[in-house]
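S.K.: Structure for the following, please:
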Amino acid sequence: MQLHKKILGQGMALFLMAILLVVVTGCNSTDSKNEGATIPKEEPEASTSSWPRSIQNDDGTTVVLEKKPEKIAVLHFGYSEYLLALGITPIATTNKDIAHTFATLQPFQSDFDQMKDLGETSSPSLEKLAELKPDLIIAGSFHSDILEGLRKIAPVIIDKRGNDPTMSWQDTITYYGDILGEEAKAEEYIQKTEQIIQDTNKALAKYSDQTFVFLRPSSKGDFGIVGSKAFGHYHENGFGLKTPEEYPTEWANISLEGLVSLNPDYIFFQDNKEAVDKAIENVKNDTVWQNINAVKNGNIYFLDISLNTGSPLAIELAAKTITESLEQKE
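M.R.: A predicted model of the protein is given here:
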């Protein structure tokens, strides 16, 4: 069994934070109409767009930003992925220690060194936040109990993806471009990421007759299977990786027998290595597990848990990791 050696392990706290992040981002749905969208030929709107501007909140309220925000605090480290991708370094974040372990954020460690740590995402320090005097706070719908206090400090944007599972990664990067006044950079990043997807599709075309499944350990069954809708960039309209018949579109728990019925040629575990190693240890001597094509041929690989965000940074790292993993076997 070949295990990908480049992925770092994380603890249970990281696992729980990533689950929270997936919920907050509404799994960053990527349906076919977005993945296959034609890139506009006209020049993107300049980043010097007029101010003030209005931003719709997740709770239906509207925030008016009088000018381009410069001192931004994020109350979930995952939001920083979009800011950093657009060249903006937040002044503060929560769970900075976990952010340091995310593979997607390794190129930005010097940026995180500059950020202040506001404590836990579920209970950020309002006192520390007030001392920093931000001109914008980006919070989640799960911060409803402290919104009144946050709004006394600075304007608050409640990330609207929490209750909008139809938002694709393109929609999300555009959304943050509007908030930050970086529309041109957002459009450039979309084009860059779509090119990565196209290039990866071509590179992986040789595997078009093989089937792939993406798993996570699960406490409610042998495994959890990552639905194709949540990570559409892996499949037919993205990297082109074929899924077995009956592969679910949404997250689902799957028994060992259910996995055998799919009988994939390749398995990618997308979670922290410690949890995955434990899950494999529990089934490795089971003859049912041993008869799965991917197991028999040693085609089992790891993807970092940070790829569960489905952000453009995650897509770029997934493209690199999957391609390198498969090329190693050749």
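S.K.: what about the strands in the stretch 1-150 of the chain?
M.R.: For the stretch 1-150 of the chain, the strands defined by DSSP state E, counting those that start in this stretch occupy 53-56, 62-65, 72-74, 92-93, 116-117, 136-139.
S.K.: Can you say which of those strands is nearest to Lys185?
M.R.: For Lys185, the closest of these is strand 72-74, at 14.9 Å, according to C-beta to C-beta. C-betas here are computed from N, CA, C, even on glycine.
S.K.: Turn the strands of the stretch 1-150 of the chain into JSON lines, columns for distance to Lys229, mean pLDDT and mean neighbour count.
M.R.: Formatted as JSON lines, the strands of the stretch 1-150 of the chain follow (distance: least, C-beta to C-beta, whole Å; pLDDT from 0 to 100; neighbours: other C-beta atoms under 10 Å):
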{"stretch": "strand 53-56", "distance to Lys229": "24", "mean pLDDT": "92", "mean neighbour count": "14"}
{"stretch": "strand 62-65", "distance to Lys229": "30", "mean pLDDT": "94", "mean neighbour count": "14"}
{"stretch": "strand 72-74", "distance to Lys229": "26", "mean pLDDT": "98", "mean neighbour count": "27"}
{"stretch": "strand 92-93", "distance to Lys229": "29", "mean pLDDT": "96", "mean neighbour count": "26"}
{"stretch": "strand 116-117", "distance to Lys229": "34", "mean pLDDT": "96", "mean neighbour count": "16"}
{"stretch": "strand 136-139", "distance to Lys229": "26", "mean pLDDT": "97", "mean neighbour count": "25"}
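S.K.: Throw those strands into TSV and include distance to Pro217, thanks.
M.R.: Listed next are the strands of the stretch 1-150 of the chain as TSV, based on distance: least, C-beta to C-beta, whole Å:
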stretch	distance to Pro217
strand 53-56	37
strand 62-65	39
strand 72-74	28
strand 92-93	27
strand 116-117	29
strand 136-139	30
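S.K.: Out of the ones you listed, which is closest to Leu150?
M.R.: Closest to Leu150 of these is strand 136-139 (C-beta to C-beta; 5.4 Å).
S.K.: strands paired with that closest one, and their directions?
M.R.: Counting by DSSP bridges, the strands paired with strand 136-139 are strand 72-74 (parallel), strand 156-158 (parallel).
S.K.: nearest to Gln191, of the strands of the stretch 1-150 of the chain?
M.R.: Using C-beta to C-beta, those put strand 53-56 closest to Gln191, at 23.3 Å.
S.K.: CA atoms only for the closest one - export them in CSV, please.
M.R.: Output of strand 53-56 as CSV, limited to C-alpha atoms (Å, rounded to 0.1, in the frame of the first residue of the first chain):
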residue,chain,number,x,y,z
ARG,A,53,-20.6,50.2,-1.6
SER,A,54,-23.1,47.8,-0.1
ILE,A,55,-22.5,44.2,0.8
GLN,A,56,-25.2,41.7,1.5
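S.K.: Ends of stretch 53-67, what's the gap?
M.R.: Stretch 53-67 stretches 8 Å from its first residue to its last (C-alpha to C-alpha, to the nearest Å).
S.K.: do stretch 293-306 as well
M.R.: Start-to-end span of stretch 293-306 (C-alpha to C-alpha) is 27 Å.
S.K.: Tell me the buried residues in it?
M.R.: By neighbour count on 16 or more other C-beta atoms under 10 Å, the buried set for stretch 293-306 is Asn293, Ala294, Val295, Asn299, Ile300, Tyr301, Phe302, Leu303, Asp304, Ile305, Ser306.
S.K.: Which one of the residues you listed is nearest to Val283?
M.R.: Val283 lies nearest to Val295 out of those, by C-beta to C-beta, at 9.1 Å.
S.K.: which SS class is the closest one?
M.R.: Here Val295 takes the helix state, with states given by DSSP: H, G, I helix; E, B strand; the rest coil.
S.K.: backbone phi and psi for Ala242, please?
M.R.: One thing to correct before we go on: residue 242 is Lys, not Ala. With angles defined as degrees, to the nearest 10, Lys242 sits at phi -80, psi 140.
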